[in-house]
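A.B. asks: task: produce atomic coordinates for the following.
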Amino acid sequence: MSQTTTRVPQEQRTRAMRERLLEACVAVLVEKGWAGTSTTLVSQRAGVSRGAQLHHFPTKASLVVAAVEMLAERRHHLLEEVSQGLPQGAGRTRAVLNAFGDHFASDVFTAALELWVAARTDAELLQVVGPLEQRVGRETHQACVEMLGIDESVPGNRELVQATLDLVRGLGLANTISDDTARRRRILDRWADELDTVIARQEQG
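C.D. replies: This next block holds a predicted model:
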């Protein structure tokens, strides 16, 4: 009786290896920061040979940027999923702010923050981090507009959305030092009231 051995296609194995490397990179980056992250540590954490790691990501910068980009894409998809379950009417604005509050208190923001700081004095890293952050920023801004249901053609609304994102990003920064959940909740409750007032005024007039 013959036994058939199922072989995993090379493309699938390669994708799985890349994902292990990127997941490991995020974990090391969050734990040790940019300065403490090395390709050797990442390959060890991922259980991947040094040669295989260098084949996929020849530099530390290429590895870390790919890892943060992967996380950003995942968070973007999660925001899209959250947007499908948002309540209509009362409570929607607060639910939106809560989603973005979670986004900027997550590992993706912590990892991205390490890149921002490092890129400030690393011209080579800045060349790859800059375009990535610009793209992610545009996507996040558009997601916020759609989830809030705010009309950006109204003068001042674009700045209001950007102020909202800057506020939540700042709260996320505070959360990297200590658990800032309670204060963040109070501030976002108050800001949701302000946004609701503006949106209701525009709908009425």
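A.B. asks: who are the contact partners of the nearest residue to residue 27 once chain neighbours are set aside?
C.D. replies: In space, and not counting its chain neighbours, residue 27 is closest to residue 45: 6.3 Å by CB to CB, 6 or more residues apart in numbering. Just so you know, the C-beta spots here come from the backbone N, C-alpha and C atoms, and that holds for glycine as well. Counting by CB atoms under 8 Å, 6 or more residues apart in numbering, residue 45 makes contact with 24, 27-28.
A.B. asks: tell me which of those residues is nearest to residue 110?
C.D. replies: residue 27 (11.0 Å; CB to CB).
A.B. asks: what about that closest one, distance to residue 74?
C.D. replies: According to CB to CB, to the nearest Å, residue 27 stands 14 Å off from residue 74.
A.B. asks: next one: residue 122
C.D. replies: Plainly put, residue 122 is 25 Å away from residue 74 if you go by CB to CB.
A.B. asks: again with residue 58
C.D. replies: Applying CB to CB, the value for residue 58 to residue 74 is 24 Å.
A.B. asks: now residue 119
C.D. replies: Separation of residue 119 from residue 74 (CB to CB): 21 Å.
A.B. asks: for residue 14, same thing?
C.D. replies: For residue 14, the distance to residue 74 equals 20 Å [CB to CB].
A.B. asks: and residue 118, how many neighbours?
C.D. replies: Burial measure for residue 118: 19 neighbouring residues, criterion other CB atoms under 10 Å.
A.B. asks: these two touch, right, it and residue 34?
C.D. replies: Yes - under the criterion of CB atoms under 8 Å, residue 118 makes contact with residue 34 at 4.1 Å.
A.B. asks: may I have the phi/psi pair for residue 90?
C.D. replies: Residue 90 has phi and psi values of phi -60, psi 130 when expressed as degrees, to the nearest 10.
A.B. asks: tell me the pLDDT at it?
C.D. replies: You'll see residue 90 listed with a pLDDT of 79.
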